[in-house]
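1. sequence plus the predicted model coming up.
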Amino acid sequence: MKYNVTFKVGTLEASDKAYYEKMNPGYKCTGETLEERYEEEHGWEGGACTYVVMKGKWTRYGMCRDCGDHYVIARYSRYDRINKGTLELIRDVEDC
Ligand SMILES: [Zn+2]
């Protein structure tokens with residue numbers, strides 16, 4: 001099935017910052033969240049998940065990392081890049 005994927009940047013609750021930084025030693029919260037919505041092309045199914053954007057050296061599994069002009073999401077078997085300016089998704093990139 002084909003999915004349409006869209007992204008939206010949000011704000012992390014200040015009170016959640018300490019929790020996420022404790023769960024991810026060596027990483028800092030940027031204060032942003034990245035919501036990913038996906039919908040099957042015929043509208044049969046869809047969903048959303050929200051990532052807390054972290055800053056650090058590399059992208060841990062399940063993490064969304066701020067990498068300058070783009071975000072990197074570590075999926076199960078690949079990394080995806082989301083351009084900050086356009087929120088365009090580029091699948092299967094190197095973590096950088
Ligand atoms: Zn990068």
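-> Sure, I can see it. Numbers count the residues shown, from 1 in each chain.

2. beta partners of the residue nearest the centre of the chain?
-> Taking Cα atoms, centre = their mean, the centroid of the chain lies closest to residue 64, which sits 3.5 Å from it. Going by DSSP bridges, residue 64 is paired in beta bridges with residue 53, residue 73.

3. so how far is residue 1 from it?
-> 24 Å (Cβ to Cβ, to the nearest Å). Quick note: C-beta positions are derived from backbone N, CA and C, even for glycine.

4. one more: residue 7?
-> Distance from residue 7 to residue 1, by Cβ to Cβ: 20 Å.

5. one more: residue 34?
-> Counting by Cβ to Cβ, the gap from residue 34 to residue 1 is 23 Å.

6. can you name the residue of the chain nearest to the ion?
-> residue 67 (3.1 Å; Cβ to the ion).

7. tell me, how many residues neighbour the nearest residue to that residue once chain neighbours are set aside?
-> Ranked by Cβ to Cβ, 6 or more residues apart in numbering and with sequence neighbours excluded, the top spatial neighbour of residue 67 is residue 96, at 6.4 Å. Other residues within reach of residue 96, judged by other Cβ atoms under 10 Å, total 12.

8. ok, residue 92 next?
-> Count around residue 92 with other Cβ under 10 Å applied: 10.

9. what pairs with the lowest-mean-pLDDT helix or strand in the chain, and is each one parallel or antiparallel?
-> Scoring the helices and strands of the chain by mean pLDDT, DSSP states H and E places strand 89-93 at the bottom, with a mean of 93. Paired strands of strand 89-93, with direction, are strand 79-83 (antiparallel) (DSSP bridges).

10. rounded mean pLDDT for the strand it pairs with, please.
-> The average pLDDT within strand 79-83 is 97.

11. that one: which residues count as buried?
-> 79, 80, 81, 82 (16 or more other Cβ atoms under 10 Å).
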